[in-house]
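1. prediction below, plus the sequence it came from.
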Amino acid sequence: MTSATRAVLDANVYLRSAVDKSDSARDWTEKLGRTIVGHAPDLLWAELTNALRGYVAAALIDRASAQEAIELTKRLPIELHSARDLAEKALDAALAHGLSAYDGCYLVLA
């Protein structure tokens with residue numbers, strides 16, 4: 001891959017791409033592995049799964065659709081980074097910017 005851009009994509013991008021069929025989110029995920037090298041903290045999976053649980057609980061999608069969204073996301077070329085390694089800096093970023101610790105991980109990674 002030549003001249004690829006590094007991007008940190010939040011779990012919501014993957015959720016909106018797989019479930020909501022958002023054009024802008026799909027545009028980002030379709031570029032992964034081609035013009036964008038995607039990065040995310042490994043907590044991406046817990047965030048995505050939790051959001052999908054909420055969709056299923058609210059009867060917005062069924063369990064099979066939630067499972068399909070997980071499978072679609074698993075096939076994307078995303079470089080995962082340990083939340084353990086990001087934790088200390090994420091705490092500082094979260095406190096400095098009024099973010100959740102989860103968002104602090106994404107910010108530090110970016």
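-> Done, it's in.
2. pLDDT weak spots in the protein?
-> Low-confidence segments of the chain, defined by pLDDT under 70: 1-3.
3. ok, 90 please
-> Filtered on pLDDT under 90, the chain yields the residue ranges 1-4, 21.
4. tell me where it has helices.
-> Counting by DSSP state H, the chain has helices at residues 11-15, 23-31, 44-57, 63-74, 83-97, 101-109.
5. which one of those helices lies closest to Thr5?
-> helix 23-31 (8.4 Å; Cβ to Cβ). In short, each C-beta sits where N, CA and C put it, glycine included.
6. what's next to the closest one, contact-wise?
-> The contact list for helix 23-31 (Cβ atoms under 8 Å, 6 or more residues apart in numbering) reads 7, 9, 12-17, 36, 76.
7. so which of those comes closest to Val56?
-> Leu15 (12.5 Å).
8. just to revisit the earlier point, can you add mean neighbour count and give the helices of the chain back as JSON lines?
-> Listed next are these as JSON lines, based on neighbours: other Cβ atoms under 10 Å:
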{"stretch": "helix 11-15", "mean neighbour count": "22"}
{"stretch": "helix 23-31", "mean neighbour count": "14"}
{"stretch": "helix 44-57", "mean neighbour count": "16"}
{"stretch": "helix 63-74", "mean neighbour count": "15"}
{"stretch": "helix 83-97", "mean neighbour count": "15"}
{"stretch": "helix 101-109", "mean neighbour count": "20"}
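9. coming back round to it: with distance to Glu30 added, can I get the contacts of helix 23-31 in JSON lines?
-> Formatted as JSON lines, these follow (distance: Cβ to Cβ, whole Å):
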{"residue": "Ala7", "distance to Glu30": "13"}
{"residue": "Leu9", "distance to Glu30": "12"}
{"residue": "Asn12", "distance to Glu30": "16"}
{"residue": "Val13", "distance to Glu30": "11"}
{"residue": "Tyr14", "distance to Glu30": "12"}
{"residue": "Leu15", "distance to Glu30": "15"}
{"residue": "Arg16", "distance to Glu30": "13"}
{"residue": "Ser17", "distance to Glu30": "8"}
{"residue": "Ile36", "distance to Glu30": "9"}
{"residue": "Leu76", "distance to Glu30": "9"}
